[in-house]
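> predicted structure and sequence below. I'll ask about it afterward.
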Amino acid sequence: MDFNEKVYRLCSQIPLGRVSTYKLIAQKMSSKAYRAVGQALKHNPNPPIIPCHRVVESSGDLGGFGGKLRSQKKIRLLKGEGVEIKGNKIVDFKNKLYRFK
DNA sequence: AGTCGAGCGCGCA
DNA sequence: TGCGCGCTCGACT
């Protein structure tokens, strides 16, 4: 089980209308390589299977794909899934946060 | 309170 | 082999 495979697995476990954070994912795999998680998702080998756009920063911000990158469409898609986004922040982030039980 | 720097793991040059 | 990244947190200001 490679590092990024775990990441992919966890991401795919995120229910519809929920989001998660890099930190939680890293902690779930007993690592503190938060950035590595982001990189793994960035390289994302299975776009349709892995909802990388549901993974955001722990502060509730979208992260790199929201404000910095031009991936505004992902936000649009995310909204369509039930995750409301205001600017580059997630509305009721804590409420929608999925903790990988 | 806000800013700065370090540290993790993987991918690419 | 070395550096950067879709980040996070602790320490200092």
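Sure, I can see it. The shown structure was predicted, so the numbers you read here are calculated from the model rather than taken from an experiment. Numbering: from 1, shown residues only, chains lettered A, B, ... in the order given.
> contacting residues around the closest residue to DNA strand C within chain A?
Nearest residue of chain A to DNA strand C: A:Gly64, at 1.8 Å (Cβ to the nearest atom of the strand). Backbone N, C-alpha and C define where each C-beta goes, glycine included. When the contact criterion is Cβ atoms under 8 Å, 6 or more residues apart in numbering, the partners of A:Gly64 are A:Gly38, A:Lys42.
> what strand or helix carries the closest residue to A:Gly17 other than its chain neighbours?
Of all residues not flanking A:Gly17 in the chain, A:Gly82 sits nearest, at 3.4 Å (Cβ to Cβ, 6 or more residues apart in numbering). Assigned by DSSP states H and E, A:Gly82 falls within no helix or strand.
> wait, A:Gly82 touches A:Arg54, no?
No. Applying Cβ atoms under 8 Å, one finds A:Gly82 not in contact with A:Arg54, separated by 10.6 Å.
> looking at those two, which one has more neighbours?
A:Arg54 (24 against 10; other Cβ atoms under 10 Å).
> residues of chain A that sit close to DNA strand C?
By Cβ under 7 Å from any atom of the strand, the residues of chain A that approach DNA strand C are A:21-23, A:34-36, A:38-39, A:41-42, A:44, A:52-53, A:55-59, A:61, A:63-65, A:68-69.
> buried ones from the residues you listed, can you make that a ChimeraX selection?
Selection of buried members from the residues of chain A next to DNA strand C for ChimeraX, criterion 16 or more other Cβ atoms under 10 Å:
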select /A:21,22,34,36,38,41,44,52,53,55,56,57,61,63,65
